Every structure is written in C-alpha cells, then in structure tokens.
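Asks: Predicted model and sequence follow; I will ask about them next.
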Amino acid sequence: MDILKSLGHPEEIYNLFKFKMGGCRAVMPKLDYESMSETLRTCYVYLNQTSRSFAAVIQALDGELRHAVCIFYLVLRALDTVEDDMTIPLEKKVPLLHDFHTFLYEPDWCFTESKEKDRQVLEDFPSISVEFRNLGQEYQDVISDICHRMGVGMAEFLEKKVGTMQEWDKYCHYVAGLVGVGLSRLFSASQLEDPEVGRDTELANSMGLFLQKTNIIRDYLEDQQEGRVFWPQEAWSQFASHLQDFAQPQNLSSALACLNLLVTDALRHVPDVIAYLSRLRNQSVFNFCAIPQVMAIATLSACYNNPQVFQGVVKIRKGQAVTLMMEATNMQAVQSIIAQYTQEILQKVSLSDPSRDKTLCILGVIQEKTLSKTALPSRAHHLSPFYLSAAMLLAALSWQYLSPQSPGSTDMQGS
C-alpha cells in the first residue's frame, strides 16, 4: 500500500490524500477528448499506454503546444522502439533509423515486424503521422529535424558500446539531449516561451542528459538482465574487469565506487537545469520541465551509494513523487527541492570514496546556485509526535476508504 511507505513522511501522506481528492487537477487538468479527431484521440491513448512519466505533464500543456508535444513524443517513441528491438537485423534496422523521419510524410507507412511491447506505435503509425501533418509547419519542421538527427545518432551506437565518458555524453545527447533541444524549439515556436529558450541548445541538451543519465544509472540491473550496456567503459573499467561483475556481492565496494562516480558526473548538469528553468515564463511549460527534473534528482539521491542499484529496483516512493509533482510549480520551490536532495547526497559521501573530491565540488556549486539572497522556506513539517500519529492514522483510514476496489494504480515513477 503506497501510504504505508510514506509513514514517517507526514507531508507525503497529506499530499497523497490531497492528490486522491482531486489535487492532481492542479497540474493535470482533464482533456476535452470529444472535440478531438478520432486519430488524435488514438494518439492520446497511445501516449498514456507508453509513457509512465511524461503523459500527465504533456496533457497539462497549454493550447496547441500540447498536441505538438504529444505527437513529438509518439514519433520518438516509435523511433526508439525500432532501436530497442533486438529481433530486427542490423541490415534492416540501420536504414529504418536513417530514413524514419521521411515516413512522417508517407500516409500509409507502418512497421508490423516489431516484437517490442510498444509496437502499436509502429503498427498504427498512420494515426500518428496524419496528426503530425495536421500540425503547423513550424512544429513539423522541428519534429522532423530532431527525428532525423536522433535516428542517425542511434544508428551510430548500434554497433559500438559506450566507451569513454565523452561518448556517454554523445550517446545521451542523441537519445535525450536532442529531445530537450526539440522541446525547447517547440516551446519557442508556440510563443509561450521566449525565442532564447529555443536557441540555447547547450542548456536544453543538459536537461535531457540529466534525465537520461539518471535512468541509465538507476537501470543497471535491468539493463544487465536484458543484455544492454549503457554504463561507460571508461568508468566501470576502473573498478572491474567486466560490468556484470558489479552484481556480485563480493564486488560491492567497487560497484558503489563506480556508481558514485556516475552520479557525480550526472550532477554536473544540475546548474544548467537551474539556469534553464529560471528562464521559463509559462506555468504549464514550467511544470512540464520542472517535475521530471526534481524526480530525477530525488532518484539520484536514492541511488547514491545504494547497494540496491545492483540487487533490484530503486524507486522513489509514490507519496514522494506526488509531493514533488504538487510542489515543483515555481522556481523557489524547485531550488528548495534541489537543495534538499543535494544535502541528502552530501550526507552520504564517504571519506574513502574515490570520487569524493569531485562530488563535494559539484555539490558545492549546486548549493550555491540554489541559495537566494533570502533563506529558502523549509519544506519540513514540524509536528508533535502525537499529532503525527493521529494524522497518519486518519490519512491511512481515509486513503483505504477512498481507494477503488480494483488493485490497479498509476505508476508515478519517472523513467
């Protein structure tokens, strides 16, 4: 039960209760599906089926930008499904990736040979491509360009592993940094954000790299089990002969040293994240961008120096995720959240960790960026033990009463 995981975190229980009572509509308003075309409704069905982390915030975007970002996401999801499908031979996959952007203008093109779980976006690609062609030309140009550049980049890494840290940055740029660049250009094209947001590709790239590196770090064990390798060899070879060695208990100290090195590398993007978010003016765009970023730094904090990365799945609590979603709606709150998790990581830095000096250095830079001239408000709730016990009991009983009888629930974990 989600609420039991948040015992001891009263603000999470409160926000779970508030979310259940309809507080989610503050950041996730309902869409008017009846006014949409049949194919556009289908696109939103696919969006909700294929995205655990972005579907809600995409649907909360303002105006025509919402549909542009929805189609952008689905086009890239289809491209990514081709890349991930290990049953497609390379001689077929490489041309598919190179030419994928051209299929946007072929009304009948679809691909029915995929075995991936998200294959419906390829099998029914005509529903997506027709809505792409219904977008304004300024949106089409961005989506087609990013799709082309990403396909070429994905093909480059099909036959080679991520070796150096520089190649890790390059791979993450192709699969996520370009997403940040494309989204930023869409924000500016919609005129909801200033042209500078779309022009500054360095900051936009960092937004994508921070999210992608967090996912790669967190997903070590899952990727190993699926035969995928995304941790850079330059990092892991300092501590092991083979990347899979980290899953062995006797290699835990080496595994944690490599993990902390990669977390430290990911954290260097946070100053750019802060700079990017501080430029945004539209509330729906800010929520869209800020929520995944605060989820990411919370996830990194949970991963740092955590043996569970090599033994199972590291996820932030649903109550924690809901709290972040409901709080990360302005720059001061985001700075406060980043400062909190930066401090959490700082407290876990070991005296013997090989990356200690670099970790402390980047944490110091981040803390400086999050401090304003006036002290940021505390996010802690100072409640008496008696009140905490009563509040938790009341919330638990209320949650049980309000929960639907079916066991299904929405996964709030970003990925």
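Replies: Okay, I see it. Residues are numbered from 1 along each chain as shown.
Asks: rest of the way, CA atoms for contacts and neighbours
Replies: OK.
Asks: Retrieve the pLDDT associated with residue 58.
Replies: Looking at residue 58, its pLDDT is 89.
Asks: swap in residue 409?
Replies: 37.
Asks: Same question for the one 3 residues further on.
Replies: Per-residue confidence (pLDDT) for residue 412: 35.
Asks: Could you do residue 8 as well?
Replies: The confidence metric pLDDT takes the value 49 at residue 8.
Asks: Repeat that for residue 63.
Replies: 88.
Asks: The strand or helix carrying residue 297 - what's its average pLDDT?
Replies: Taking DSSP states H and E as the criterion, residue 297 maps to helix 283-303. For helix 283-303, the mean pLDDT works out to 95.
Asks: As CSV, could you dump the C-alpha coordinates of that helix?
Replies: The C-alpha coordinates for helix 283-303 follow below in CSV (Å, rounded to 0.1, in the frame of the first residue of the first chain):
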residue,chain,number,x,y,z
GLN,A,283,3.2,27.9,-16.0
SER,A,284,2.3,24.7,-17.9
VAL,A,285,5.8,24.7,-19.6
PHE,A,286,7.5,25.2,-16.3
ASN,A,287,5.6,22.3,-14.7
PHE,A,288,6.3,20.1,-17.7
CYS,A,289,10.0,20.7,-17.4
ALA,A,290,10.5,21.0,-13.7
ILE,A,291,8.6,17.9,-12.5
PRO,A,292,10.8,15.3,-14.3
GLN,A,293,13.9,17.2,-13.2
VAL,A,294,13.1,17.1,-9.5
MET,A,295,12.0,13.5,-9.8
ALA,A,296,15.5,12.8,-11.3
ILE,A,297,17.5,14.4,-8.5
ALA,A,298,15.3,12.6,-6.0
THR,A,299,16.1,9.3,-7.8
LEU,A,300,19.8,10.1,-7.9
SER,A,301,19.8,10.8,-4.2
ALA,A,302,18.1,7.4,-3.7
CYS,A,303,20.7,5.7,-5.9
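Asks: For residue 342, give its distance to residue 76.
Replies: Remark: distance between residue 342 and residue 76 (C-alpha to C-alpha, to the nearest Å) = 32 Å.
Asks: One more: residue 102?
Replies: Taking C-alpha to C-alpha as the measure, residue 102 falls 13 Å from residue 76.
Asks: And the two? Which one has more around it.
Replies: residue 76 (21 against 13; other C-alpha atoms under 10 Å).
Asks: Just give me how far stretch 220-239 sits from the chain centre.
Replies: Chain-centre distance of stretch 220-239: 19 Å, with C-alpha atoms, centre = their mean, to the nearest Å.
Asks: To clarify, my last question referred to stretch 125-138.
Replies: 25 Å.
Asks: mind listing what's buried in that stretch?
Replies: Buried residues in stretch 125-138, counting neighbours by 16 or more other C-alpha atoms under 10 Å, are found at 125, 126, 127, 128, 129, 130, 131, 132, 133, 135.
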